[in-house]
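>>> Sequence and computational prediction follow.
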Amino acid sequence: MKKDKTVWIKADGITWEENKPRITTGLESGADCILLNTEDIPGARELGNIRVAAPGDEADIIVVGCGSEGDGTRELPEDFADSLDISEAIRLSREGKTVAGYVIIRNKRYEQFALELGKTCDYLITVGTDWKVIPLENLIAGLQQLDVEIIAGVQDSEEAKLALETLEHGSDGVLLDTDNLSEIKNVISIRDRSGMERIPLIKARVIKVKSVGMGDRVCVDTASLMIPGEGMLIGSQSNGLFLVHSESEESPYVAARPFRVNAGAVHAYIRIGEKTRYLSELVSGDEVLIINSEGETRPAVIGRVKIERRPLMLVEAEVEGAVIKTLLQNAETIKLVGNNGKPMPVTELKEGDEVLVYFDASARHFGIKIEETIIEK
């Protein structure tokens, strides 16, 4: 199972006035942790609820290496067995504390030190100097069998993307050091998409569109705004899901609601990560998967689920010799996505139209993909 990538914000400058904007923007943008000076911990906790990393027992994650061997304040010992930082990390771990090692990779020897320190920590923060990718590759390879998360120091979103993708797996997170507050938001956006699967979408040919009467349909309102081209994967069969477009487009009939997908009837499946769930099961606080016409995905949190009785229509489509179906509300604001990536109102669908779908010949049991024969009609 993929780990969620994390973003840490470096806010351990000389003064609180220097650090506060980074801390505030990190909190507002959804950063996972703030690296602080010990004396700034009370002020940061007043600003909001977020994990803090700092030297000293008051922190959620205790950092070793700052003002010591890791950052070059003290010289590295000839024998790493004599390292004060490694000894301190071992002591803290034995006391049940969460520990992060901090190392500035100045040369090969510091890379070797980081590898040894990482063996004793929960997190290893590595900050490159002139050369960054090769040391990070070596550390990822050297520590991949251990339960330690590597946090790579970066200065902008371009470096963050590179770090999170190095050696396919990438670092487990990044430590962003920047005064450009907009870059904090950019890196958070990269984090949100990093590690998310790309779902292959293919075209299906519509073979039937039919009004079927009244039924209970589900609107999924998220705490995120969607843009044109984005929606959710919905369908009556778990292995054949239609890309149902968000209400992100203006309409002459109703204002845009870019947080919403009018997903379909209560019985339908919705793709959630690697699994599917019934629309009727969803509640506020659950996580759903937003997907665009290119198959790119991102998570979103449900803010509200609305179930109301509405007129429904059946849409059937043929894909790879199979027929897949879904029931959608019969209204012009509900749209599928055409093969050209543009939304198509269900009220204008006709036989022969092509729409984007996800299709997998494998069956699913309790939402989990399995090799089994299951017939859904």
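Cool, the structure landed. Numbers count the residues shown, from 1 in each chain.
>>> ok but Val127 is inside a strand, no?
Yes: using DSSP: H, G, I helix; E, B strand; the rest coil, the assignment for Val127 is a strand.
>>> Neighbours of it, how many?
Under the neighbour criterion other CB atoms under 10 Å, Val127 is assigned a count of 22. Glycine gets a C-beta too; all of them are placed from N, C-alpha and C.
>>> Can you tell me, leaving aside adjacent residues, what's nearest to it?
Nearest non-adjacent residue to Val127, counting by CB to CB, 6 or more residues apart in numbering: Gly153, 3.3 Å away.
>>> helix, strand or coil for that neighbour?
Three-state secondary structure (criterion: three-state DSSP) places Gly153 in strand.
>>> do you know how far it is from Asp353?
51 Å (CB to CB, to the nearest Å).
>>> Settle it for me: which of the two has more neighbours?
Gly153 (25 against 19).
>>> contacting residues for that one?
By CB atoms under 8 Å, 6 or more residues apart in numbering, Gly153 lies in contact with Lys10, Ile125, Thr126, Val127, Gly128, Val174, Leu175, Asp177.
>>> My guess is the last one contacts Asp12. True?
No: if you go by CB atoms under 8 Å, Asp177 and Asp12 don't touch, sitting 9.4 Å apart.
>>> tell me, how many neighbours does Asn49 end up with?
Look at Asn49: counted by other CB under 10 Å, it has 6 neighbours.
>>> helix or strand for it, which one?
If you go by DSSP states H and E, Asn49 is not part of any helix or strand.
>>> Report pLDDT for it.
Per-residue confidence at Asn49 stands at 92 (pLDDT).
>>> Kindly report the same for Leu164.
pLDDT for Leu164: 82.
>>> so how far is Ser189 from it?
Here the criterion is CB to CB. By it, Leu164 lies 12 Å from Ser189.
>>> who's more crowded, these two?
Leu164 (24 against 16).
>>> For the more buried one, grab phi and psi.
When read as degrees, to the nearest 10, the backbone of Leu164 gives phi -70, psi -10.
>>> shouldn't it be in contact with Ser194?
Yes: assessed by CB under 8 Å, Leu164 is found in contact with Ser194 at 4.6 Å.
>>> Spatially, what comes nearest to Gly173 if we skip its sequence neighbours?
Among residues not flanking Gly173 along the chain, Thr6 sits closest, at 3.4 Å (CB to CB, 6+ apart).
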